[in-house]
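1. Sequence and computational prediction follow.
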Amino acid sequence: MAEVTVQAPAKINLHLGVGPVRADGFHPLATAYQAISLTSRVTARVADAWGLTCTGLDGVDITEVPLDDTNLAMRAARLLAAHAGIDRPVALHLDKGIPVAGGLAGGSADAAATLLACATLWQLELSAGDLARLAGELGSDVPFGLVGGSAAGHGRGELVTPLRDRGRYDWVVLTFDFGVSTPAAYAEFDRLHAGIHVPDPEIPEPLVDALARGSVRDLAEALGNDLHPATLRLRPELAEPLRAGLEASALAALVSGSGPTCLFLAEDRDHAERVATALATYGRTRIAHGPVSGATVL
Ligand code: C5P
């Protein structure tokens, strides 16, 4: 085998419950993830030297993507090589269809795809648990990128268990030409909660029930994001498109993860297209559906 290509999905947080900051600087989370049909692909190819190249698909701006050893995909390949005790360079190519720094875990999807691509290329006998542990070392959202579907995330997000989901959900994904740094959003969360008791986070039962029944309308009622006020403080201009989406009949509107991407839940695909049309002046709209599978060898 000379090369392997793996596709991995964007994640959204249907609910992002954030607890009080831990001693290690991370926040305990109780989140419900969903993988949606915006995807990136990673190709790992046998090479004489380690290398990384990148292209943007579907208008994704890749100017901020580092092409050196700090890139999360490259770190994933090197971590797996070190874990397996092998020294076989690969050239990675990223085809990024997930907007960068958007709160959609695009870098985490690259890392998840790279782990699976290199494990396949090197024919490593790794259990799902081994891969998940390595993924968790790389970032809080990377293990979910391997699993996909709809899933609960605990710990700092890296402890993932699948949720029963009988539904299909159509989303409008509104992205902007600016990003929000995840650490900055969490730091703002800490400032907003200074001196206030922050309870341990939980995933609301109505959300788990809504997924199990596949009820779009009940899911719309149960969506939530504890980082929303922090992200809105950093980017107050997000309030307007969120309101415009609801006025345009979206069932719900929320910030994705740490933002700035805004998500609008629709009844079905046709409805999503109508909502997207109403939002086109605010940024770039894409239509996606979830849940979709995690990292998959093509
Ligand atoms: O794990 P990841 O590398 O994605 O985290 C990026 C940053 O986001 C962390 O350095 C931390 O500032 C913040 N974070 C957090 N609590 C989490 C996840 C991320 O504070 N559960």
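-> That came through, no problem. Computed from a predicted model, the values in this text were never measured in an experiment. Residues are numbered from 1 along each chain as shown.

2. Would you confirm that Ala76 belongs to a strand?
-> No: using DSSP: H, G, I helix; E, B strand; the rest coil, the assignment for Ala76 is helix, not a strand.

3. Report how many residues lie close to it.
-> Neighbour count of Ala76, defined by other CB atoms under 10 Å: 30. The way it works is simple: take the backbone N, C-alpha and C, and place the C-beta from them, glycine included.

4. gap between it and the ligand?
-> As judged by CB to the nearest ligand atom, to the nearest Å, Ala76 and the ligand stand 12 Å apart.

5. these two touch, right, that residue and Ala117?
-> No: counting by CB atoms under 8 Å, Ala76 stays clear of Ala117, with 9.1 Å between them.

6. quick one: the spatially closest residue to Val90 that is not a sequence neighbour from Ala77, how far?
-> Leaving aside its sequence neighbours, Val90 sits nearest to Ala44 (CB to CB, 6 or more residues apart in numbering; 4.7 Å). Going from Ala44 to Ala77 by CB to CB, to the nearest Å gives 7 Å.

7. overlap in contacts of these two?
-> Residues touching both Ala44 and Ala77 (CB atoms under 8 Å, 6 or more residues apart in numbering) are 90, 92, 114, 118.

8. between those residues, which has the most around it?
-> Result: Thr114 is most packed of the shared contacts of Ala44 and Ala77 (other CB under 10 Å), 33 neighbours.

9. The host helix or strand of that one and the ligand, any residue contact?
-> If you go by DSSP states H and E, Thr114 is part of helix 106-121. No: using CB under 6 Å from any ligand atom, helix 106-121 stays clear of the ligand, coming no nearer than 6.7 Å.

10. Would you mind listing the buried residues in whichever helix or strand comes after that helix?
-> The helix or strand immediately downstream of helix 106-121 is helix 128-138, counting by DSSP H and E. Buried residues in helix 128-138, counted by 16 or more other CB atoms under 10 Å: 130-132, 134-136, 138.
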